[in-house]
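**Q** Give me coordinates for this.
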Amino acid sequence: MNSLVKLELVRALRNRKFLFFSVIYPSVVFLLIAGNTDSATRIDGTGLTLPTYMMVSMASFGALTAVLMGNSERIAKERESGWVRQLRLTPLPGRGYVLAKTASAAVVSLPSIVVVFAVAAAVKDVRLDAWQWLALTGAIWAGSLVFAALGVALGYLVGGDAVRPITMITYFGLSILGGLWMPTTSFPAWLQDIAGWVPTHAYAALGRAIEQSHAPHARDIAVLVASFVLFTGGAAWLYRKDTLKA
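**A** Model (predicted):
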């Protein structure tokens, strides 16, 4: 499995388009949103400045891009090309393929988080304690596994032609409803109620709790755990279904 992980990493790092959208693009969006704003402006109900608030949003967005977009499209295309079927003829266990995909996406997601943090600190003078930087990096990186599982499930759910539009709808829906592009406090009250149960909202809320030096809300933890169980279970079921088909 180690060889497959290395192969997946090399492929991901050679894909310049993928690297741009997963590593550079979130920082560009951060600068577009927070670049010209007053660093003292605070988001209602959070006590966080806009740059500090959006830093977590864009770091989460970058990790989401890496694990969701990277996994779903590659898995669907490799199923269609017969590559997955060929791997089943090798000693590699089925779970090894899924783990290799998840591991490679997780490695690529780390630079996207770090780059957003570096840009926020350098350009917008975001300052946190050392433990907060470390805790933020760990929480956002670990939390991305929820969406890595979703990417695997989508890759096994549909074929190569349909995977991109379905993934894009899921990707943009999670980003917008989860408040990664704009604070959910700007949403109508009914939409804020819906957003509170979206996994990306809970995902970013973990980071904001660290910035506020607060413990995360129990509901956010519950939403993420439930989502991980649902996505992982769905991915496992779809994988077994695809194996029986082959």
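
**Q** part of a helix, is Leu128?
**A** No - with DSSP: H, G, I helix; E, B strand; the rest coil as the criterion, Leu128 is assigned coil and is not in a helix.

**Q** Next one, pLDDT for the closest residue to it other than its chain neighbours please.
**A** By the measure of Cβ to Cβ, 6 or more residues apart in numbering, the closest residue to Leu128 outside its immediate chain neighbours is Glu211, 6.6 Å from it. (Glycine included, C-beta is placed from N, CA and C.) We note a pLDDT of 92 for Glu211 in this prediction.

**Q** before we move on, which element is the residue nearest the centre of the chain in?
**A** Residue closest to the mean C-alpha point of the chain, counted by Cα atoms, centre = their mean, is Leu64 at 1.8 Å. Leu64 belongs to helix 50-64 when elements are defined using DSSP states H and E.

**Q** Next: Ala202.
**A** helix 199-211.

**Q** The closest residue to Gln132 other than its chain neighbours - how many residues pack around it?
**A** Distance criterion Cβ to Cβ, 6+ apart; nearest residue to Gln132, sequence neighbours excluded, is Ile210 at 5.6 Å. Each residue near Ile210 was counted by other Cβ atoms under 10 Å, and the total is 24.

**Q** and the gap between Ile210 and Leu238?
**A** Remark: distance between Ile210 and Leu238 (Cβ to Cβ, to the nearest Å) = 34 Å.

**Q** about what we covered before: which helices and strands does the helix holding Ala202 pack with?
**A** Contact here means 3 or more Cβ pairs under 8 Å, 6 or more residues apart in numbering; DSSP states H and E; on that basis helix 199-211 packs against helix 50-64, helix 130-157, helix 160-177, helix 218-245.
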